[in-house]
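Engineer: fold the following.
(one chain, ligands or ions: 2)
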Amino acid sequence: MYTQAMDVGPKEERKALRSAEEAQLEQRFDERIDAGGLIEAKDWMPDHYRKTLVRQISQHAHSEIVGMLPEGNWVTRAPTLKRKTILLAKIQDEAGHGLYLYSAAETLGVSRDELLAALHSGKAKYSSIFNYPTLTWADVGVIGWLVDGAAIMNQVPLTRCSYAPYARAMVRICREESFHQRQGFDALNVMMREGTPAQRDMVQDAVNRWWWPSLMMFGPPDAESVHGTQSTRWGIKRISNDDLRQKFIDATAQQADVLGVSLPDPLLKWNEARGHYDFGPIDWAEFWRVVGGHGACNQERLAARVKAWDDGAWVREAALAHARKQHTKEQAA
Ligand SMILES: [Fe+2]
Ligand SMILES: [Fe+2]
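Structural biologist: Ligands and ions are numbered 1, 2, ... in the order given. Model (predicted):
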């Protein structure tokens, strides 16, 4: 009697069995996600879910590390010892965020060396906001207020992300980010209340330059978002780009009033019927230009990271040599 199994070779048979098994595993995975369950590193997951997370978490890690550069530019020029101490602590926090996130990405089976090689070759992306220059001290305050503020809006929902190691890293990161946002607001508030007219103008100028790029941090509009739908289905993304952007604008418009600065959007206006602020069109051509490598500082940022990696080679080699020596000693004892 001819059976289907006789029509296919043993290799095809194994493949068919494997895909049937995989379909079952995927169904169980989907059910777990639908029930609000968390996925741990050792759990089975679809390859596409794993790849999406590696891309997102590593981009996030790179952003934390590259994000140290614009502010690092002001450490030696901070106006007081207090501001310098706060800025140093904040930049160190960002380094820590990068390290938690590289560790979270490593749980998905990629090595830190691979992730860093992708950053250094320009293959991996980081948040485009860090390709803008920090021209005055007020930029440091505005980065804290607007850039860290937008980061918090983006990141708080990630504490409920379906991939548990990422969610856990985000809990700790979000606590520190809220300090970053407050220190930025505080630095600007002091300049606006106690500063000279020139210092107040400096704050307004920095707000004018950073406002639109910080709205772009939420990513393209939902209608054009490539990864949005699948990420939402998998419980990685909990709130859409447009909804997060609106939330950020609503919160920030009120803070701008308290601060006494104006936001550079003539169409920004409270809409009673919607219960939200209306706002003007975002220049997405600028966003794509900067993502594509043509922002003011893209080359400078990447060159700084590559140099830091190359200059640090002797530290990595020395640490490995020390670890080998310790290991040999322990074996001999
Ligand atoms: Fe951070
Ligand atoms: Fe931060």
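Engineer: surely K237 is in a strand?
Structural biologist: No: read with DSSP: H, G, I helix; E, B strand; the rest coil, K237 is coil and lies in no strand.
Engineer: quick one: name the residues of this structure near ligand 2.
Structural biologist: Contact residues, the chain versus ligand 2 (C-beta under 5 Å from the ion): D148, E177, H180. Backbone N, C-alpha and C define where each C-beta goes, glycine included.
Engineer: near ligand 1, which residues of the stretch 51-200 of the chain? Just list them.
Structural biologist: So the stretch 51-200 of the chain meets ligand 1 at E64, E94, H97 (C-beta under 5 Å from the ion).
Engineer: state the distance from whichever residue of the stretch 1-150 of the chain sits closest to ligand 1 to V171.
Structural biologist: Per C-beta to the ion, H97 is where the stretch 1-150 of the chain lies closest to ligand 1, at 3.8 Å. Per C-beta to C-beta, to the nearest Å, H97 is found 12 Å from V171.
Engineer: quick one: contacts for F29?
Structural biologist: I39, D43, W44, M45, P46, Y49 (C-beta atoms under 8 Å, 6 or more residues apart in numbering).
Engineer: what residues of the helix or strand A95 falls within count as buried?
Structural biologist: Per DSSP states H and E, A95 falls inside helix 81-106. When burial is assessed from 16 or more other C-beta atoms under 10 Å, helix 81-106 yields the following buried residues: 83, 86-87, 90-91, 93-94, 97-98, 100-102, 104-106.
Engineer: before we move on, the earlier item: format the residues of the stretch 51-200 of the chain next to ligand 1 as CSV; extra columns: pLDDT.
Structural biologist: Shown next, in CSV, are those (pLDDT from 0 to 100):
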residue, pLDDT
E64, 97
E94, 97
H97, 97
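Engineer: can I get those in CSV with distance to G72?
Structural biologist: Converted to CSV, those look like this (distance: C-beta to C-beta, whole Å):
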residue, distance to G72
E64, 13
E94, 9
H97, 15
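Engineer: ok, the residues you listed vs ligand 2, which is closest?
Structural biologist: E94 (5.5 Å).
Engineer: so what's whichever residue of the chain sits closest to ligand 2 scoring on pLDDT?
Structural biologist: As assessed by C-beta to the ion, ligand 2 sits closest to H180 within the chain, at 3.7 Å. pLDDT recorded at H180 is 97.
Engineer: how about G235?
Structural biologist: pLDDT at G235 comes out at 87.
Engineer: and it, how many neighbours does it have?
Structural biologist: Neighbour count for G235, taken as other C-beta atoms under 10 Å: 20.
Engineer: now the residue nearest to it when sequence neighbours are not counted: phi and psi?
Structural biologist: Nearest residue to G235, sequence neighbours excluded (C-beta to C-beta, 6 or more residues apart in numbering): S162, at 3.4 Å. Dihedral pair for S162: phi -70, psi -20, per degrees, to the nearest 10.
Engineer: and for W314?
Structural biologist: Here is the backbone geometry of W314 (degrees, to the nearest 10): phi -70, psi -30.
Engineer: can you list contacts of the helix or strand containing L244?
Structural biologist: Using DSSP H and E, L244 maps to helix 241-259. With C-beta under 8 Å, 6+ apart as the test, helix 241-259 has contacts from 145-146, 149-150, 153-154, 157, 185, 188-189, 192, 203, 207, 214-215, 218-222, 225, 228, 239, 262-263, 268, 270, 276-277, 279.
Engineer: who's in contact with the most centrally placed residue in the chain?
Structural biologist: Nearest to the mean C-alpha position of the chain, by C-alpha atoms, centre = their mean, lies H60 at 3.3 Å. For H60, the contact set (C-beta under 8 Å, 6+ apart) comprises L101.
Engineer: now the angle from the helix or strand in which it is found to helix 81-106?
Structural biologist: Assigned by DSSP H and E, H60 belongs to helix 47-66. For helix 47-66 against helix 81-106, the angle by axes from the mean of the first three to the mean of the last three C-alpha atoms, to 10 degrees is 160 degrees.
Engineer: in the stretch 151-300 of the chain, which spans are helices?
Structural biologist: 164-194, 197-216, 228-233, 241-259, 284-289, 298-311 (DSSP state H, counting those that start in this stretch).
Engineer: no further queries at this time; thank you.
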